[in-house]
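S.K.: when you get a sec, could you give me coordinates for this:
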Amino acid sequence: MGRFRRVSARSDAAAPDGAPLPPPRQLPVPALPEGPGPVALPVRPGEPPRRRVRARTELTPHAVVGRAEVAPQSAEAETVLRIFRRRRQEHAAFYVAEMRDLASLWSEEDEGDEKALNALAAAAGLRAKLPRGEDRLRDAHIAVTDLPACFARVEEGALPAEWFEWLLRSVLRLTSHQRHQVDERVALWQLDSIDVERFYRELRLLVEWFGRSAVHESPREQRSVSVQPSQDGDGTACLTVRGPIPEIIVLGRRLDAAARSVQDAQRRALEDGAPIPFDLDGDVAREGRQMTLAALQYAVAVRSMLETGPVEVPEPAFRISVVVPVLTLLGLSSAPATLDGTVPIPPRMARELVARAPAFERVLTHPIKGAYAASASQTYRSTSAMAENLRLIDPVCAVPGCTRNVMTVGEADHIEEFDLEHPSRGGPTRIENLHRLCRTHHRMKSAGRLDPVREEGTEGTRWRVGDIAVCEVAQNTDLVTRELADLLQDAWQRHLDDEEFEALTRLGVLDESPAEAADREEAQRWGMHLLAYYSDPQYEEERDTGPPPLPPPPGQGAPPF
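M.R.: Model prediction:
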């Protein structure tokens with residue numbers, strides 16, 4: 001492989017296919033000593049060092065081929081150079097144009113929901129979820145305003161877009177002034193020739209220089225509690241509590257002390273035959289031994305009463321969406337249920353939750369399509385069955401890109417506004433004209449910033465986001481999982497086949513004709529004749545000449561065989 005390592009340092013070298021590769025424009029930099037290593041430039045007190053990061057050799061087309069370790073003038077070399085040119089030209093131009101468009105949608109002000117509206121427009125254009133649209137808007141704003149020099153290096157093809165994305169993530173927690181300092185220094189590096197590992201290493205050293213002067217939320221400002229469902233869909237989730245380390249340590253020690261106290265009490269109760277404390281599921285009495293510390297810590301944290309002073313906290317209500325209760329609840333299907341309309345849970349867990357449920361809300365739907373079709377109401381409020389069906393259709397906000405769960409905290413909304421004074425003239429209260437929105441987007445829709453339209457007879461909604469963007473989304477009308485859909489379709493087909501068979505039998509279509517009955521009887525006689533011939537104890541295979549003719553039945557001629 002060493003024979004491919006010798007490269008030319010000439011900047012006017014041509015690619016193997018003959019196409020010239022123009023060198024990128026260089027930003028003006030001060031004169032530096034010769035040599036490939038980093039050079040320290042003068043800096044003002046309190047500023048990060050100015051290190052000019054240089055490559056050992058210029059990245060010419062021949063150097064690209066050499067780094068790829070492929071033979072020059074080969075098909076592989078031409079492929080590598082095509083990719084290289086495309087990334088420096090077409091891809092860079094596309095990335096820069098998109099970031100500039102996104103930056104034009106950025107709004108520093110939050111008045112009038114302008115920022116949220118622009119994020120929706122960005123998510124619609126990107127065909128991404130709302131959080132992704134918000135992140136892209138933020139990154140584009142930082143790129144244009146705080147990192148202009150490096151952004152220009154991306155445009156000229158010297159700084160790959162992926163490297164720039166890493167630069168954006170690295171400076172998110174810095175102030176605008178600190179980002180400008182990073183931008184000024186990184187733009188002076190020899191970005192068109194250094195390798196990726198060198199770039200990441202030097203950038204990490206530069207950002208780490210700020211240390212304590214970097215913008216970080218205080219421990220108190222980072223207090224938060226978040227719930228993250230398992231990616232495996234196994235019915236588990238992770239509760240994360242973040243805050244100042246002394247408070248978290250105290251919480252952990254309180255849980256540990258409470259668990260140990262309860263464990264000692266359970267051990268004494270088992271020895272004395274007394275009632276067992278905190279045996280919520282009866283496991284201690286059934287197994288005859290106290291719970292483990294880990295199980296008790298979990299039980300104390302999850303099942304203890306929340307102390308909120310005079311504020312009364314209602315018991316949490318779990319909403320189980322079992323698409324076909326008969327099949328799943330009776331154990332005839334392994335299709336999962338859903339918690340809050342979005343989190344899949346195993347059938348066994350669903351059956352346990354349903355067994356403890358104080359009441360059920362029945363929703364009648366089409367046996368195959370899962371669609372709810374009720375007559376339109378002349379009142380503004382929907383019926384309880386319609387409201388329940390809406391929760392199943394729209395477990396998250398119906399606005400395209402929004403990810404807020406609205407199973408419990410959400411609001412039903414008329415797509416075509418309901419006319420309170422003349423109900424017959426406005427939008428009807430029926431499933432086809434309803435959806436569920438989060439409170440933020442419901443407010444924006446009521447203010448006219450969001451305008452959904454659902455045409456008659458269609459299954460999609462056309463959303464206009466202010467005067468910025470328009471997108472169309474399909475309505476979710478199918479409440480049936482793929483597995484249950486197959487089971488239901490098979491059951492429905494068997495039902496249709498049985499009905500057809502009964503009809504044919506009733507009409508006599510399947511009855512035998514006299515000729516068919518005679519043929520069937522004669523075939524049975526011939527079969528019995530062959531069985532008697534070959535099962536004869538005196539039968540010898542070597543002398544077999546075949547069975548003798550079958551005598552005709554009384555009153556008939558020779559057999560048809």
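S.K.: going by C-alpha atoms from here, please, whenever you check contacts or count neighbours.
M.R.: Noted.
S.K.: give the other helices and strands that whatever helix or strand Asp139 lives in contacts.
M.R.: Here Asp139, judged by DSSP states H and E, is contained in helix 130-145. Judged by 3 or more C-alpha pairs under 8 Å, 6 or more residues apart in numbering; DSSP states H and E, helix 130-145 is in contact with helix 92-104, helix 114-126, helix 161-170.
S.K.: quick one, which of these is nearest to Ala140?
M.R.: Ala140 lies closest to helix 92-104 among the helices and strands packed on helix 130-145, at 4.9 Å (C-alpha to C-alpha).
S.K.: can you check what angle separates that closest one from helix 130-145?
M.R.: Relative orientation of helix 92-104 and helix 130-145, computed by axes from the mean of the first three to the mean of the last three C-alpha atoms, to 10 degrees: 100 degrees.
S.K.: can you give me the buried ones in helix 92-104?
M.R.: Ala92, Ala93, Val96, Met99, Leu102, Ala103 (16 or more other C-alpha atoms under 10 Å).
S.K.: could you pull up the residues touching Leu59?
M.R.: Asp192, Ser193, Ile194 (C-alpha atoms under 8 Å, 6 or more residues apart in numbering).
S.K.: of the residues you listed, which is the most crowded?
M.R.: When neighbours are counted by other C-alpha atoms under 10 Å, Asp192 leads those with 23 neighbours.
S.K.: okay, it: pLDDT?
M.R.: If you check Asp192, the pLDDT there is 89.
S.K.: ok, how many other residues are close to Arg122?
M.R.: You called it Arg, but residue 122 is Ala. 29.
S.K.: nearest residue to it in space, ignoring adjacent ones along the chain?
M.R.: Spatial nearest neighbour of Ala122, excluding adjacent residues (C-alpha to C-alpha, 6 or more residues apart in numbering): Gly133 at 5.3 Å.
S.K.: who's in contact with the one you found?
M.R.: Ala119, Leu120, Ala122, Ala123, Leu126.
S.K.: also Thr403?
M.R.: Neighbours of Thr403 in contact, by C-alpha under 8 Å, 6+ apart: Lys129, Leu130, Pro131, Val396, Cys397.
S.K.: distance of the third one from Asp283?
M.R.: By that I understand Pro131. Going from Pro131 to Asp283 by C-alpha to C-alpha, to the nearest Å gives 43 Å.
S.K.: same question for the fourth one.
M.R.: If you measure Val396 against Asp283 using C-alpha to C-alpha, the figure is 37 Å.
S.K.: isn't Asp206 up against Val182?
M.R.: I think there's a mix-up here, since residue 206 is Leu and not Asp. Yes - contact criterion C-alpha atoms under 8 Å: Leu206 and Val182 qualify, at 7.4 Å.
S.K.: quick one: mean pLDDT over the helix of greatest length in the chain.
M.R.: In the chain, taking DSSP state H as the definition, the longest helix is helix 245-272. Taken as a whole, helix 245-272 has a mean pLDDT of 86.
S.K.: do the same with stretch 442-461
M.R.: For stretch 442-461, the per-residue pLDDT averages 80.
S.K.: still on that earlier bit, the more surrounded of Leu206 and Val182?
M.R.: Val182 (24 against 19).
S.K.: so which helix or strand takes in that one?
M.R.: Applying DSSP H and E as the criterion places Val182 in helix 176-186.
S.K.: would you mind pulling the contact partners of that helix?
M.R.: By C-alpha under 8 Å, 6+ apart, the residues outside helix 176-186 that reach it are 47-48, 50-52, 146-150, 171, 203, 206-207, 214.
S.K.: cutoff 6 Å now
M.R.: Residues from elsewhere that reach helix 176-186 (C-alpha atoms under 6 Å, 6 or more residues apart in numbering): Arg50, Asp146, Leu147, Cys150.
S.K.: measure the third one to Gly282 for me?
M.R.: Spelled out, that is Leu147. Leu147 is 62 Å from Gly282, by C-alpha to C-alpha.
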